[in-house]
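Q: Give me a model of this one.
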Amino acid sequence: LPAVGVELSPTRHQHAEILRTLAQPFLREEVELVQGDLQEMHPFGKHASVVLFANKLFSEEFSASALRVLPRIRALLTLKPLPGELPTKTAELPT
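A: Predicted structure coming up:
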């Protein structure tokens, strides 16, 4: 399955499109970028198993709601710890 990125913000989506174009020569697989709301289930959601979730500014309630549409998560990388039973690793990035 391809890698898929979902971004709600039109500006951040445009930036992702630019970065994907720059990275294209180094990518092994197709990367699909979707500008929209993760909670409005896109077809890929039912297959997502490894998720990178940039939740640094999200409330716990929003994060839980967004992740509910991804029923097959095996691994989850977040920017802020989440409560729950998902197999989660939290990245510590410089601010």
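
Q: packing partners for the helix or strand of the chain with the lowest mean pLDDT?
A: For the chain, counting by mean pLDDT, DSSP states H and E, strand 88-90 ranks last in confidence among helices and strands (a mean of 79). Other elements packing on strand 88-90 under the criterion 3 or more C-beta pairs under 8 Å, 6 or more residues apart in numbering; DSSP states H and E are strand 75-78. Bear in mind the C-beta positions are built from the backbone N, C-alpha and C, glycine included.

Q: Mind listing the strands the strand it packs on pairs with, and their directions?
A: Using DSSP bridges, the strands paired with strand 75-78 in its sheet are strand 50-53 (parallel), strand 88-90 (parallel).

Q: Hmm, residue 81 is touching residue 88, no?
A: Yes. The pair residue 81 / residue 88 is scored as a contact, 7.2 Å apart, by C-beta atoms under 8 Å.

Q: more crowded one of these two?
A: Taking neighbours as other C-beta atoms under 10 Å, residue 81 and residue 88 compare with residue 88 leading, 17 against 11.

Q: Which residues are in contact with that one?
A: Counting by C-beta atoms under 8 Å, 6 or more residues apart in numbering, residue 88 touches 76, 77, 78, 81, 82.

Q: Among those residues, name the buried ones.
A: Buried members of those, scored by 16 or more other C-beta atoms under 10 Å, are 76, 78, 82.

Q: pLDDT score for the second one?
A: You'll see residue 78 listed with a pLDDT of 89.

Q: Which strand residues bridge it?
A: Beta-bridge partners for residue 78, by DSSP bridges, are residue 53, residue 90.

Q: which intervals of this structure have sub-threshold pLDDT?
A: 1, 41-42, 44, 87, 93-95 (pLDDT under 70).

Q: and the lengthiest helix in it, which residues are buried?
A: If you go by DSSP state H, the chain has its longest helix at helix 10-23. Within helix 10-23, the residues that count as buried by 16+ other C-beta under 10 Å are 13, 16, 20.
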